[in-house]
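A.B. asks: All I have is the shape, not the residue letters:
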């Protein structure tokens, strides 16, 4: 997906549920639960979800212990 802003074209990066589950060592179902609970924002395309890279890092910051 390309977005044009200030004459610059940026390529947005997305993760699949399966990729995040593998990255975090969680089940796919756990990622789906985070999406359903609105803890993790995602785009639904057909029957699949895509999670914006920046949204993923924002989610990690929210759940980080202090």
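C.D. replies: Arrived safely. Because the structure is a prediction, the values reported are computed rather than measured. Residues are numbered from 1 along each chain as shown.
A.B. asks: Can you list the buried residues in stretch 54-66?
C.D. replies: The neighbour-count criterion (16 or more other C-beta atoms under 10 Å) identifies 55-56, 59 as the buried residues of stretch 54-66. For glycine as for every other residue, the C-beta is placed from the backbone atoms N, C-alpha and C.
A.B. asks: Among those, which lie within helices?
C.D. replies: Using DSSP state H, the subset of the buried residues of stretch 54-66 located in helices is 55-56, 59.
A.B. asks: At the geometric centre of this structure, which residue sits there?
C.D. replies: Nearest to the centroid of the C-alpha atoms of the chain, with distances taken as C-alpha atoms, centre = their mean, sits residue 51, at 2.4 Å.
A.B. asks: Can you show me the helices along the protein?
C.D. replies: Going by DSSP H, the chain shows helices at 17-24, 28-36, 53-63.
A.B. asks: In terms of secondary structure, what does the first one contact?
C.D. replies: Meaning helix 17-24. helix 28-36, strand 48-52 (3 or more C-beta pairs under 8 Å, 6 or more residues apart in numbering; DSSP states H and E).
A.B. asks: Run the angle between that helix and helix 53-63 for me.
C.D. replies: Calculated by axes from the mean of the first three to the mean of the last three C-alpha atoms, to 10 degrees, helix 17-24 forms an angle of 40 degrees with helix 53-63.
A.B. asks: What residues of helix 17-24 count as buried?
C.D. replies: Taking 16+ other C-beta under 10 Å as the neighbour-count basis, helix 17-24 is seen to contain the buried residues 17, 20-21.
A.B. asks: which one of those residues is nearest residue 64?
C.D. replies: Sorting the buried residues of helix 17-24 by how near they are to residue 64, with C-beta to C-beta, puts residue 20 at the top with 15.9 Å.
A.B. asks: Now do the nearest residue to residue 15 once chain neighbours are set aside, the pLDDT please.
C.D. replies: Across the structure, with C-beta to C-beta, 6 or more residues apart in numbering as the measure, the residue nearest residue 15 apart from its sequence neighbours is residue 51 (4.8 Å). Model confidence at residue 51, given as pLDDT, is 97.
A.B. asks: Count the residues that sit near residue 34.
C.D. replies: The burial metric for residue 34, expressed as a neighbour count using other C-beta atoms under 10 Å, is 20.
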